[in-house]
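**Q** Okay, here's the prediction I keep looking at, along with the sequence it came from:
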Amino acid sequence: METRRILAINPGSTSTKIAVFQGDKSVFLKNIKHTAEELAEFNQITEQFEFRKNIIMKEMVDAEIQIDLIEAVVGRGGLVKPIESGIYEVNDRLKEDLRVGILGEHASNLGGLIADNIAQSLPKAKAYIADPVVVDEMIDVARVSGHPEFQRVSIFHALNQKAIGRAFAQSIDKKYEDINVIVAHLGGGISVGAHLKGKVVDVNNALDGEGPFSPERSGSLPTGALAKMCFSGEYTLEEIKKMIKGEGGLVAHMGTNDAYEIELKAKDGDAKAKLIQDAMSYQVAKSIGEMAAVLKGEVEGILLTGGIAHNPDLVNYIKEMVSFIAPVVVYPGEDEMKALAMNGYMVLRNEIEPKVYV
Ligand SMILES: Nc1ncnc2c1ncn2[C@@H]1O[C@H](COP(=O)(O)OP(=O)(O)O)[C@@H](O)[C@H]1O
Ligand SMILES: CCCC(=O)OP(=O)(O)O
């Protein structure tokens, strides 16, 4: 029996997920949900460090995990500099970039920081991040926006999108690097990526006002109206930023980041809940159509994943709009915990060399 233990830490915008693996077997998995009110008391993501770390430690103590035996702590990577896909050992430069949020603020910035803090308290553990949200494989033409002052950037659920792309490829006995797929991750944020033979050549910036709206993000907004609002004198920059991330999307329309609550309300006959849920589904389907054009229609599968992919009404809405492109396959939830842990396990087995963040 494999004794090496790996701790995977995944701070998301609406949850903190933790898993402990013994070798390649999951021995503990927990998803702690955070309400919008609970998180509203923190002005900056780094202020949530103690809150989220304490939850992780308490859950492991309650579950009687032998913490001292953990040899690798792998956090979901955050908004560091754009980097290639892979696993990176946490070093001082990485920590500094996560702390200042060199590309912005997101809960995943805490992944590497908490992993490092926990690893340092253990006798033989090292800390890593894997496939952070800034994995950048975009083609040049996709980077150009409508004004040279603005460049499109790759910020998305890279870890889960790639894990699901690989799982789908395996299910059809092909290699991820040989097929084209469109992956829509439907979580606290929503990203829709065009995977061209193993590279995500275009994807919406899921964090900062691009693509479909999500439980807590506005997605693309009418630019002229937004500019006017910015200079109306009625809002501070912080307030506008919150409209785009944190208090946009479902939170703004419905007062909650819980898509399940909206699903139940819509089922119960609440017309507003149904309209907003349909609008979110409609925007996801439109983005999938865009990515089909990026892949010139050569699409092996459209893969829906993330917590909201549990919602059958939303999934059916999207399927009706996009099934003409390619078969739609649903992977509710995510494969991030396993992906994080397996990256750590491969390092422990010397099967892969962790990359150095510079
Ligand atoms: N069984 C379910 N049915 C419908 N929606 C769900 C279900 N489980 C989770 N969700 C919704 O998924 C969203 C969170 O997705 P998740 O991928 O866990 O996000 P994140 O990692 O960004 O916090 C929440 O809005 C939640 O309400
Ligand atoms: C920063 C892009 C990834 C993202 O949106 O993650 P969450 O859905 O966990 O917020």
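**A** Cool, got the structure. Quick caveat, the model's predicted, so the values are computed rather than measured. Ligands and ions are numbered 1, 2, ... in the order given.
**Q** so what does the longest helix out of those in the chain touch, helix or strand wise?
**A** In the chain, with assignment by DSSP state H, the single longest helix is helix 271-294. On a contact count with 3 or more C-beta pairs under 8 Å, 6 or more residues apart in numbering; DSSP states H and E, helix 271-294 meets strand 180-186, strand 190-196, strand 199-203, helix 249-254, helix 259-267, helix 312-322. No exception for glycine: its C-beta is placed from N, CA and C like everyone else's.
**Q** can I get the CA coordinates of the fourth one in PDB?
**A** Read that as helix 249-254. Taking Å, rounded to 0.1, in the frame of the first residue of the first chain, the C-alpha atoms of helix 249-254 are listed here in PDB:
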ATOM      1  CA  GLY A 249     -23.900  38.200 -12.300                       C
ATOM      2  CA  LEU A 250     -26.300  36.200 -10.100                       C
ATOM      3  CA  VAL A 251     -25.300  38.100  -7.000                       C
ATOM      4  CA  ALA A 252     -26.400  41.400  -8.700                       C
ATOM      5  CA  HIS A 253     -29.500  40.100 -10.300                       C
ATOM      6  CA  MET A 254     -30.700  37.700  -7.500                       C
END
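**Q** Against which helices or strands is that helix packed?
**A** helix 259-267, helix 271-294.
**Q** can I get the ones you listed in CSV with distance to Glu50?
**A** Shown next, in CSV, are the helices and strands packed on helix 249-254 (distance: least, C-beta to C-beta, whole Å):
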stretch, distance to Glu50
helix 259-267, 28
helix 271-294, 33
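**Q** who wins for proximity to ligand 2 among those helices?
**A** Among the helices and strands packed on helix 249-254, the nearest to ligand 2 by C-beta to the nearest ligand atom is helix 259-267 (11.2 Å).
**Q** ok so, going back, switch the helices and strands packed on helix 271-294 over to a markdown table; also include mean neighbour count.
**A** A markdown table is the format used below for these (neighbours: other C-beta atoms under 10 Å):
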| stretch | mean neighbour count |
| --- | --- |
| strand 180-186 | 28 |
| strand 190-196 | 27 |
| strand 199-203 | 24 |
| helix 249-254 | 21 |
| helix 259-267 | 18 |
| helix 312-322 | 18 |
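**Q** what residues does the stretch 151-300 of the chain put near ligand 1?
**A** Counting by C-beta under 6 Å from any ligand atom, the stretch 151-300 of the chain comes close to ligand 1 at 187-189, 215, 257-260, 263.
**Q** can you rerun that using 5 Å?
**A** By C-beta under 5 Å from any ligand atom, the residues of the stretch 151-300 of the chain that approach ligand 1 are 187-188, 215, 258-260.
**Q** so which of the residues you listed comes closest to Asp278?
**A** Ala259 (12.7 Å; C-beta to C-beta).
**Q** Nearest residue to the closest one in space, please, no chain neighbours.
**A** Using C-beta to C-beta, 6 or more residues apart in numbering and skipping the chain neighbours, the partner closest in space to Ala259 is Ile308 (4.7 Å).
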